[in-house]
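*Asks:* show me how the following folds:
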Amino acid sequence: MDRRRFIHVSAAVGCCTLGLLPARAEILHFYDAINKSGRQRMLSQRLAKSYLQIGQGIDPVRSNRIFTDSMSLFERQLAELQSFAPTPENRATLSDLKKTWLRYRESLTGSKPNPRDARTVMSLSDEVLALAQTATVQLEGLSGTATGHLVNISGRQRMLSQRMAKFYQAINWSAASSDALVKLTTARDEFLKAMAELTASPKNSPAINAELALAQQQWLFFDQALKSSIVDIKDKMRFATNVATTSERILETMDRITGMYEQLT
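*Replies:* So this is what the prediction gives:
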């Protein structure tokens, strides 16, 4: 499959949008900006995850849809964030993010996913993540509120769910760097620490607490999938599919929770 064919196939299966796509096409306030900026972090990792899954034939229809939807959403939100950018510092960060994004997009779409190019994809996904993190922290600092912090932290959980799955799928494909397992473990520890912080927040409503309880339940399934031991080739594909599925479930729940924190006053 050549480059044009890969892009065409990805676009063809991308007609169905995902539940986490935001309805608004513009940024209305700081908390909305923090949410969307934080979502860019997640998309950087989700794109790499879906690239790896497509290459391995893991849940291919859904993985292709995730890939296409994530790319479209990243570009749309980047334009919105650049229009909203409230300070020269934030504008400069977003300018750097756009330049790095263009390189990342080329690596994602330049050819059919393969283990060699996957290493470049992995590296660039982390470069995009770092810049999106900087932009989000800048916005949180400008908000200067506890709610802004909660939107940032809960939104970062979305990224960590995809980051863990990314490393799992890269290891599964022998396309990971030597420190991938260490980075996966670090992401897991960060996720658990943030969940404890969110659960203890006095600003939680009963509805937020209910969603956090659901996320905790989903985490058990996701964590079990990440720790699954591969016995034979059938197990390898089954466990990789479990990681793909459970990472999406916890992502969607954390996205709802982030939206709920955004609405706090």
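*Asks:* helices of this structure, start to end?
*Replies:* Secondary structure of the chain (DSSP state H): helices at 3-12, 30-56, 60-84, 88-109, 115-143, 146-172, 180-199, 206-226, 233-262.
*Asks:* which neighbouring elements make contact with the third one?
*Replies:* Just to be clear, that refers to helix 60-84. helix 3-12, helix 30-56, helix 88-109, helix 233-262 (3 or more CB pairs under 8 Å, 6 or more residues apart in numbering; DSSP states H and E). Bear in mind the C-beta positions are built from the backbone N, C-alpha and C, glycine included.
*Asks:* would you turn those helices into TSV with distance to Leu139?
*Replies:* Shown next, in TSV, are these (distance: least, CB to CB, whole Å):
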stretch	distance to Leu139
helix 3-12	31
helix 30-56	5
helix 88-109	7
helix 233-262	12
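*Asks:* deepest in the core, which of those helices is it.
*Replies:* Stretch with highest mean neighbour count among these: helix 30-56 (a mean of 27; mean count of other CB atoms under 10 Å).
*Asks:* tell me what that helix is packed against?
*Replies:* helix 60-84, helix 88-109, helix 115-143, helix 146-172, helix 233-262.
*Asks:* residue ranges with poor pLDDT in the stretch 1-150 of the chain?
*Replies:* Where the stretch 1-150 of the chain drops to pLDDT under 70, the residues are 1-25.
*Asks:* before we move on, back to that, so can I have TSV of the helices and strands packed on helix 30-56 showing distance to Glu211?
*Replies:* Below are the helices and strands packed on helix 30-56 laid out as TSV (distance: least, CB to CB, whole Å):
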stretch	distance to Glu211
helix 60-84	22
helix 88-109	29
helix 115-143	21
helix 146-172	10
helix 233-262	5
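*Asks:* who's in contact with Gln169?
*Replies:* Neighbour list for Gln169: 49, 52-53, 56, 58, 240, 243-244 [criterion: CB atoms under 8 Å, 6 or more residues apart in numbering].
*Asks:* no, scratch that, I was asking about Ser107
*Replies:* Here Ser107 is in contact with 117, 120-121, 124 (CB under 8 Å, 6+ apart).
*Asks:* please pick the buried ones from those residues.
*Replies:* The neighbour-count test (16 or more other CB atoms under 10 Å) marks 117, 121, 124 as buried among the contacts of Ser107.
*Asks:* who's in contact with the second one?
*Replies:* Contact criterion CB under 8 Å, 6+ apart gives 48, 51-52, 104, 107-108, 113 as the residues in contact with Val121.
*Asks:* at 7 Å what do you get?
*Replies:* By CB atoms under 7 Å, 6 or more residues apart in numbering, the contact set of Val121 is 48, 51, 107-108.
*Asks:* pLDDT score assigned to Lys227?
*Replies:* Looking at Lys227, its pLDDT is 86.
*Asks:* that one and Asp235, how far apart?
*Replies:* Lys227 sits 13 Å away from Asp235, taking CB to CB, to the nearest Å as the criterion.
*Asks:* check Thr134 too.
*Replies:* Applying CB to CB, the value for Thr134 to Asp235 is 40 Å.
*Asks:* Leu97 too?
*Replies:* Applying CB to CB, the value for Leu97 to Asp235 is 39 Å.
*Asks:* for Glu190, grab the count of nearby residues.
*Replies:* Residues near Glu190, counting by other CB atoms under 10 Å, number 16.
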